[in-house]
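Undergrad: the following comprises the amino acid sequence and a computationally predicted model.
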Amino acid sequence: MKKWKYAPAEAETTRDRTPEVAALEMAIEEFLRGHPVPDPPDRAADRAFREARFDAGLAVVHFGTGEGGRGLDASRQPLVEERFARAGAADHAAHNVIGLGMALPTINAHGTGEQRARFLRPCFSGQEIWCQLFSEPGAGSDLAALATRAVRDGDDFLVTGQKVWTSLGHVADWGILLARTDPDVPKHRGLTYFLLDMHAPGVEVRPLRQLTGEAEFNEVYLTGVRIPAGHVLGEVGQGWRVAMTTLANERVSLGGRPAARGTGPIGQAVAAYRRAAAEGRADAATTERLMLLWTRAEAARLTNTRAAAQPGRQPGPAGSIAKLQMAELNKAIYELCVDLLGPAGLLIDGYAETAPDFAAVHGGADVRKAYLRALANSIEGGTSEVLRNILGERVLGLPGEPRADRDLPWKEIRRS
């Protein structure tokens, strides 16, 4: 067990310590005194630690009392994450990226009391891993055009279709699934949101090999899969509204991940630059390139920090800003890292075909693999082109693109 000692951060001297913040900090301190942080390799102890954190209302503080939170403003969550990270608690973001970033807030927002009681705690603790079943081969950027069908059959729905780009589908226990329940209405109105048991009969997961040699993504085939009606999230036919909650949280969780100054991809770039400079391989142009990237990374970090601290705000279309800048910045930073390696950047050692149990969306230790993986950032979680449309239309108020099929019944729309 790790011994924890409370040590106020330097930033606390300037933080507005309201009674609410002071009480929250005291609750975290008392919790950590009674629950030593387990060593990372001990998964059972780590799960028990996170279950206790959930029960103490320190999982997601804006959730309800008894459901992992304390009914506080969402702007208090970064403080909680900072304290637990400083105490040495394990970061579950990579191993359950869909569960924590997307399923958890969506179930909390739209789930029944029974659904929240069933799914929130095991999702937060890591007992159950989640995946997202939205994208399809014939409906990528146009999610509302999806064709996977769900037909009512007594107390169940029978689901048949194909999903693609399913991160961690091979290790997931549950999936958030969007399927079409009414083909006779316009495409945005005939959708229903389901919670799918990934171990149910008729669910087949096939790996998709990436440039890195790994199979982090998958195809998922659904053949007559039975989903109980009790696993509909929200109302039947109202899946698009529920999915918008998921997508807004997805873009915030991917793009706005909190980080300390100079860490993450830009920290790797600085380290690579220092090695290259020591070997005489960093000229003035390279120095300027790094400085510009560092400035962009720091501006993005401060923007995300400020956004996270705004009280009373839930993710909306503006969250696309964080995702867009993350995607474009990661690619540029890791491209610099590979360039700084010189000829060594052309070859990856140990290029093994594996299926990892974690998502590498935010990079990795090997900058060569991280560069290859970063190329997917501008596609996953909403393509950069789609995000620019969202920002233009829904944030800046610019005219929207023509959408001739918006009011047509889905079954009359031409599909690829």
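TA: On my side now, so go ahead. Numbers count the residues shown, from 1 in each chain.
Undergrad: helix/strand/coil for Val159?
TA: Using DSSP: H, G, I helix; E, B strand; the rest coil as the criterion, the local structure at Val159 reads strand.
Undergrad: quick check: it touching Asp197?
TA: No: with contact taken as C-beta atoms under 8 Å, Val159 and Asp197 are classed as non-touching, separated by 11.3 Å. Bear in mind the C-beta positions are built from the backbone N, C-alpha and C, glycine included.
Undergrad: need the overlap of contacts for the two.
TA: Taking C-beta atoms under 8 Å, 6 or more residues apart in numbering as the criterion, Val159 and Asp197 both touch Ile227.
Undergrad: neighbour count for those two, which is higher?
TA: Legend: neighbour count by other C-beta atoms under 10 Å for Val159 and Asp197, higher for Val159 (26 against 17).
Undergrad: and the pLDDT at that one?
TA: On pLDDT, Val159 comes in at 98.
Undergrad: and if you look at Gln310?
TA: According to the model's per-residue confidence, Gln310 sits at a pLDDT of 59.
Undergrad: equivalent analysis for Ala11, please.
TA: Looking at Ala11, its pLDDT is 40.
Undergrad: same question for Leu254.
TA: pLDDT, the model's per-residue confidence, is 61 for Leu254.
Undergrad: residues near the closest residue to Val386 other than its chain neighbours, how many?
TA: With sequence-adjacent residues excluded and distances taken as C-beta to C-beta, 6 or more residues apart in numbering, Val386 is closest to Ser141, at 5.1 Å. Here the count is done by other C-beta under 10 Å, and Ser141 has 12 residues near it.
Undergrad: Ser141 against Thr383, yeah?
TA: Yes: under the criterion of C-beta under 8 Å, Ser141 is in contact with Thr383, at a separation of 5.6 Å.
Undergrad: which residue ranges of the stretch 201-350 of the chain form strands?
TA: Remark: strands assigned in the stretch 201-350 of the chain by DSSP state E, counting those that start in this stretch are 203-208, 217-228, 232-233.
Undergrad: of all those strands, which lies closest to Asp55?
TA: With distances scored as C-beta to C-beta, the stretch of those nearest to Asp55 is strand 232-233 (23.7 Å).
Undergrad: other SSEs contacting that closest one?
TA: In terms of contact count using 3 or more C-beta pairs under 8 Å, 6 or more residues apart in numbering; DSSP states H and E, strand 232-233 is assigned the packing partners helix 104-110, strand 191-197.
Undergrad: distance of Phe63 from Arg206?
TA: Going from Phe63 to Arg206 by C-beta to C-beta, to the nearest Å gives 35 Å.
Undergrad: neighbour count for the two, which is higher?
TA: For Phe63 versus Arg206, the count of surrounding residues by other C-beta under 10 Å is larger for Phe63: 24 against 14.
Undergrad: pLDDT score for the more buried one?
TA: We note a pLDDT of 96 for Phe63 in this prediction.
Undergrad: swap in Ala318?
TA: At Ala318 the predicted local distance difference test score is 62.
Undergrad: any idea which helix or strand carries Ala27?
TA: Here Ala27, judged by DSSP states H and E, is contained in helix 19-34.
Undergrad: ok so, going back, look at the residue nearest to Val386 and give its secondary structure.
TA: coil.
Undergrad: worst-scoring helix or strand of the protein, pLDDT-wise?
TA: helix 239-255 (a mean of 82; mean pLDDT, DSSP states H and E).
Undergrad: hang on, the earlier thing: what comes up buried for the helix holding Ala27?
TA: By neighbour count on 16 or more other C-beta atoms under 10 Å, the buried set for helix 19-34 is 24-25, 27-28, 31-32.
Undergrad: not counting its own residues, what contacts that helix?
TA: Outside helix 19-34, the residues that touch it by C-beta under 8 Å, 6+ apart are 4, 6, 15, 17, 52-53, 56-58, 61, 70, 72, 76, 79-80, 83-84, 87.
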